[in-house]
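**Student:** Sequence and predicted structure, then a few things I'm wondering about:
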Amino acid sequence: MASKHLFTAPEALKGVEERAKALTLTLETGVATKYWLELLAYPPGSARSLWLLVGNAWRRLDNPNEGMQLSVQDAFANASNRLEVAVWYTGEVIVGLVVRTK
């Protein structure tokens, strides 16, 4: 008789699981033109997200760390416009981003 095992991901890995699943889909890239940072998660109980306007649609990165938040804010606040936010995404989910010089 074969044994059956049930594996479940802990809560902390759910975001990683979503990103891994997203990588099996079509991956697109673009440069963000606007950003919106949720300071509190809405609706309550959901992940707090960083939203970027890429490819004429809003894309989200759940639970961004402080370094990402500051880097993105700095890129958009940069008066000389020498920085940009390049984004990798699938659907509305951001799977990666980098702040770089133009």
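**Tutor:** It's in.

**Student:** P44 versus V98, what's the distance?
**Tutor:** To P44, V98 is 31 Å away according to Cβ to Cβ, to the nearest Å. Using the backbone N, CA and C atoms, a C-beta is placed for each residue, glycine as well.

**Student:** And those two? Which one has more around it.
**Tutor:** Using other Cβ atoms under 10 Å as the criterion, V98 and P44 rank with V98 on top: 11 against 6.

**Student:** Count the residues that sit near the closest residue in space to K102 that isn't next to it in sequence.
**Tutor:** Sequence neighbours aside, E84 is the residue nearest to K102 in space, at 5.4 Å (criterion: Cβ to Cβ, 6 or more residues apart in numbering). If you count neighbours by other Cβ under 10 Å, E84 ends up with 17.

**Student:** E84 reaches A75, doesn't it?
**Tutor:** Yes - E84 is within contact range of A75, at 6.4 Å (criterion: Cβ atoms under 8 Å).

**Student:** overlap in contacts of those two?
**Tutor:** Applying Cβ atoms under 8 Å, 6 or more residues apart in numbering, one finds that E84 and A75 are jointly contacted by V99.

**Student:** Contacts only, for the residue nearest to K102.
**Tutor:** Taking Cβ under 8 Å, 6+ apart as the test, what E84 contacts is 31-32, 75, 99-102.

**Student:** give me phi/psi at it?
**Tutor:** E84 has phi and psi values of phi -140, psi 160 when expressed as degrees, to the nearest 10.

**Student:** end to end, how far does stretch 72-90 reach?
**Tutor:** 19 Å (Cα to Cα, to the nearest Å).

**Student:** Stretch 39-54: end-to-end distance?
**Tutor:** So stretch 39-54: terminal residues 20 Å apart, Cα to Cα.

**Student:** which other residues reach it?
**Tutor:** 15, 30-38, 58-64, 68-69, 72, 85, 87, 89, 94, 97.

**Student:** if you set the cut-off to 7 Å instead, what comes out?
**Tutor:** Applying Cβ atoms under 7 Å, 6 or more residues apart in numbering, the external contacts of stretch 39-54 come out as 30-38, 58-64, 68-69, 72, 85, 87, 89, 94.

**Student:** Kindly state the pLDDT recorded for N81?
**Tutor:** N81 carries a pLDDT score of 82 in this model.
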